[in-house]
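J.: Here's a sequence, model it:
(chains A and B)
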2 protein chains.
Amino acid sequence: MATCASLSKLLPLLRGRFCGHASFPARTTVRAWSRTAARCQLHRTEDGTGLTGTEDRFGGVTVNLADTGLPEDISESAFSRLLRDSLVQWKAEQKVAVWLRVPISLSRCAAAASFHGFQFHHAKHDHAVLALWLGEGQSRLPGFATHQVGVAGAVVDESRGKVLVVQDRNKTKNAWKFPGGLSDPGENIGATAVREVFEETGIRSEFKSLLSIRQQHNHPNAFGMSDMYIICRLKPLTYDINFCTQECLRCEWLDLTELAETSHTTPITLRVARLLLHGLEKGFGEIDLTMEELPAVYSGMFYQLYHRQLPPTLKS
Amino acid sequence: MATCASLSKLLPLLRGRFCGHASFPARTTVRAWSRTAARCQLHRTEDGTGLTGTEDRFGGVTVNLADTGLPEDISESAFSRLLRDSLVQWKAEQKVAVWLRVPISLSRCAAAASFHGFQFHHAKHDHAVLALWLGEGQSRLPGFATHQVGVAGAVVDESRGKVLVVQDRNKTKNAWKFPGGLSDPGENIGATAVREVFEETGIRSEFKSLLSIRQQHNHPNAFGMSDMYIICRLKPLTYDINFCTQECLRCEWLDLTELAETSHTTPITLRVARLLLHGLEKGFGEIDLTMEELPAVYSGMFYQLYHRQLPPTLKS
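T.: The predicted structure follows:
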């Protein structure tokens, strides 16, 4: 996962909550990026020394405290005065937002900033990012990531009509489920499914399609954030189970017909088992979302797109 | 979005990176929750005063500095000594992890904690959460949310074979696209599509299905995190366009056949236009993932599940 090391990563997408219409609110999602990654520095303002940041074309200012030349031992009160003077300046310049990137060693500056209305936007590893909205109305600053992504793999042995299932250790109810787990940062959906299946069961497999998506909010196991749980269809490359005894109580190749009827499973596993049964009978083309990798607009990157298979005539 | 106000939200999912097998690593995803949300307090350790937190059944300790009775003006050095003594104690007790919930006003304690190896796990609004892994091998603590979710709505007027498209203002290339934007925290996919379509175009619509999913990593407009972009099929309830001039340059009901061939669009819009054209010809059942709301295991909550429509016989 990219850390927010570069200032460009910190520049906001401004989201207009109010539109030209009186009739209804709108949300502008305007992409912003750093054209000039000029280093921040202290500069003299009318009433003292102030902070200078990188400006974005939407009227926001980003200050990276690692680049300001602040003394490492600056006190909260000293930084508070510095920030107060800077805010006077930024307001006079009609800036709409201020972003502060605070190295963990200078965390006391976050406390000082909160004094002036700043709040945490996010924090990772060795730094926190705080933001303050100076524009009119409610903040139009974008939020941070809201979802964790978990992926399970339904490995189907077509020839025998069987599917690979596990029962978790440390669970009150011994329900059959598909092996899976949380995606690592930057990991593709299919890669998570294949990795988790291998780690839990010892079975090698390859990604075939995406079958289902579940969205759940205020998730107790996601620090109160949202959870996206995706089940993929995988094709087995090996068949000998060598399951993780630390993680699983049982692991079996179970008849799909049996899984589609058992009470010893979760509602979502039952549903996908029936989906797979339907696929076995009518062809997986009936239930699959296939994947394609396409180049992203920003150079060097690719994205993965999932949708129903198109007839070749319509695809190109 | 739920804030991490309650300690239970801070308790970790422990993820075992190494399995019983020497042959391959595994990842245990063990859910943990707070059975006793006992308030933290200072207590006397052999060599001074230490912090007490809430213990989880996986050997982790969570300390909420808002509950410890720390003096508001505690110095970094004083907190550092307090934490040092506590860590000696926790290591002796073979704790595997320590979570620190730090109110923004006590941010200086985060700097002190970083001195002992703590890093930011996440931060929101008025508090930060830091973590330190004390167990063997690499950390098995779960990460924070990794994805932002954006949703667009393809509003299809079946009778006229037209679809609602916009051209963004402030874009270098005037490409036709489906109206959409980022999900608000806790907002369902379909709700985002309907809201964004209304805010941008003034058209009222209802959610019909999920059509495509795009996953993109290291996203410059997601603070370096991952982006999940979902396109839904919506049914129009009104037809008179009243678009947001602040956000859009143009807004039209465009012939699907025209959108499916034009060069004035994005690759993903073109692809979905062809998908919709296929749906118009063969029936939307060919391209849809339909949604169902089901009760979650944790009480009072519901989740939304998307997959291909099943024959009624298999569904129940």
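J.: low pLDDT regions in chain A?
T.: Across chain A, the ranges flagged by pLDDT under 70 are A:1-49, A:316.
J.: The stretch 151-300 of chain A: strands as residue ranges?
T.: Remark: strands assigned in the stretch 151-300 of chain A by DSSP state E, counting those that start in this stretch are A:162-168, A:180-182, A:205-216, A:226-236, A:248-255, A:290-295.
J.: Which one, of these, ends up nearest to residue B:80?
T.: Residue B:80 sits nearest to strand A:180-182 of all these, at 32.7 Å, using Cβ to Cβ. Backbone N, C-alpha and C define where each C-beta goes, glycine included.
J.: That closest one: partners in the sheet, and parallel or antiparallel?
T.: Strands that pair with strand A:180-182, judged by DSSP bridges, come out as strand A:147-157 (antiparallel).
J.: Could you pull out the buried residues of the partner strand?
T.: For strand A:147-157, burial by neighbour count (16 or more other Cβ atoms under 10 Å in any protein chain shown) applies to A:147, A:148, A:149, A:150, A:151, A:152, A:153, A:154, A:155, A:156.
J.: Which residue lies closest in space to the last one, excluding its sequence neighbours?
T.: Yep, that's residue A:156 we're talking about. Of all residues not flanking residue A:156 in the chain, residue A:163 sits nearest, at 5.2 Å (Cβ to Cβ, 6 or more residues apart in numbering or on different chains).
J.: Okay, and the beta partners of that neighbour?
T.: residue A:156, residue A:254.
J.: Relative to chain B, how far out is it?
T.: 15 Å (Cβ to the nearest Cβ, to the nearest Å).
J.: just residue A:78 next, same as before
T.: For residue A:78, the distance to chain B (Cβ to the nearest Cβ) stands at 13 Å.
J.: List the residues that contact residue A:230.
T.: Contact analysis of residue A:230 by Cβ atoms under 8 Å, 6 or more residues apart in numbering or on different chains lists A:149, A:150, A:151, A:152, A:189, A:193, A:210, A:212, A:213, A:214.
J.: ok, of the residues you listed, which one's closest to residue A:275?
T.: residue A:212 (7.1 Å).
J.: check contacts around the closest one.
T.: Residue A:212 is in contact with A:230, A:231, A:268, A:271, A:272, A:275, B:305, B:306, B:307, counting by Cβ under 8 Å, 6+ apart.
J.: Distance-wise, check the first one relative to residue A:304.
T.: When Cβ to Cβ, to the nearest Å is applied, the distance between residue A:230 and residue A:304 equals 12 Å.
J.: what do the two both touch?
T.: Joint contacts of residue A:230 and residue A:304 (Cβ under 8 Å, 6+ apart) are residue A:189.
J.: Of the strands of the stretch 151-300 of chain A, which is nearest residue B:260?
T.: Once the strands of the stretch 151-300 of chain A are compared by Cβ to Cβ, strand A:290-295 is nearest, at 16.9 Å.
J.: Quick one: distance of that closest one to the chain centre.
T.: Centroid separation for strand A:290-295 versus its chain: 19 Å, with Cα atoms, centre = their mean, to the nearest Å.
J.: I'd like to check the angle between that strand and strand B:205-216, please.
T.: Using axes from the mean of the first three to the mean of the last three Cα atoms, to 10 degrees, the inter-axis angle of strand A:290-295 relative to strand B:205-216 is 60 degrees.
J.: Give the buried residues for stretch A:199-210.
T.: For stretch A:199-210, the neighbour count (16+ other Cβ under 10 Å) marks A:199, A:200, A:201, A:202, A:203, A:205, A:207, A:208, A:209, A:210 as buried.
J.: mind listing what residue A:243 touches?
T.: Residue A:243 touches A:166, A:200, A:201, A:202, A:250, A:251, counting by Cβ under 8 Å, 6+ apart.
J.: ok, and which of the residues you listed reach chain B?
T.: Restricting these to those touching chain B (Cβ under 8 Å from any Cβ of the partner chain) yields A:200, A:202.
J.: Endpoints of stretch A:154-165, how far apart?
T.: 8 Å (Cα to Cα, to the nearest Å).
J.: For that stretch, which outside residues touch it?
T.: Contacts to stretch A:154-165, defined as Cβ under 8 Å, 6+ apart, come from residues A:153, A:176-179, A:197, A:201, A:203, A:205, A:211, A:231-236, A:239, A:241, A:251-257, A:259, A:265, A:269, A:272-273, A:276, A:280.
J.: Please tell me I have it right and residue A:131 contacts residue A:98.
T.: Yes - between residue A:131 and residue A:98 there is a contact under Cβ atoms under 8 Å: 7.0 Å.
J.: ok, for residue A:286, nearest residue in space, not its chain neighbours?
T.: Closest residue in space to residue A:286, ignoring its immediate chain neighbours: residue A:279 at 5.7 Å, by Cβ to Cβ, 6+ apart.
J.: what about that neighbour, how many residues close to it?
T.: Other residues near residue A:279 come to 23 when the count uses other Cβ atoms under 10 Å in any protein chain shown.
J.: Please tell me how far it sits from residue A:301.
T.: As judged by Cβ to Cβ, residue A:279 and residue A:301 stand 32 Å apart.
J.: contacting residues for the residue lying closest to residue A:210 once chain neighbours are set aside?
T.: In this structure, residue A:210 finds its nearest non-sequential neighbour in residue A:289, 4.2 Å apart by Cβ to Cβ, 6+ apart. Neighbouring residues of residue A:289 by Cβ under 8 Å, 6+ apart: A:209, A:210, A:211, A:306, A:307, A:308, B:213, B:289.
J.: now, which of these sits nearest residue B:137?
T.: Closest to residue B:137, out of all of the contacts of residue A:289 and judged by Cβ to Cβ, is residue A:210, at 32.3 Å.
J.: beta partners for that closest one?
T.: residue A:232, residue A:289.
J.: surely it meets residue A:287?
T.: No - when contacts are counted by Cβ under 8 Å, residue A:210 is not listed as touching residue A:287 (9.9 Å).
J.: circling back to that earlier point, farthest pair in the contacts of residue A:289?
T.: Taking Cβ to Cβ as the measure, the contacts of residue A:289 span a maximum distance of 13.2 Å, between A:211 and A:307.
J.: For residue A:144, see how far away the closest residue to chain B within the stretch 151-300 of chain A is.
T.: Nearest residue of the stretch 151-300 of chain A to chain B, counting by Cβ to the nearest Cβ: residue A:224, 3.4 Å away. Distance of residue A:224 to residue A:144, computed by Cβ to Cβ: 13 Å.
J.: what does residue A:229 give?
T.: Residue A:229 is 20 Å from residue A:144, by Cβ to Cβ.
J.: Likewise for residue A:237?
T.: 38 Å.
J.: cool, residue A:84 as well?
T.: Per Cβ to Cβ, residue A:84 is found 26 Å from residue A:144.
J.: Can you point out the buried residues in stretch A:111-124?
T.: A:111, A:112, A:113, A:114, A:115, A:118, A:119, A:120, A:121, A:122, A:123, A:124.
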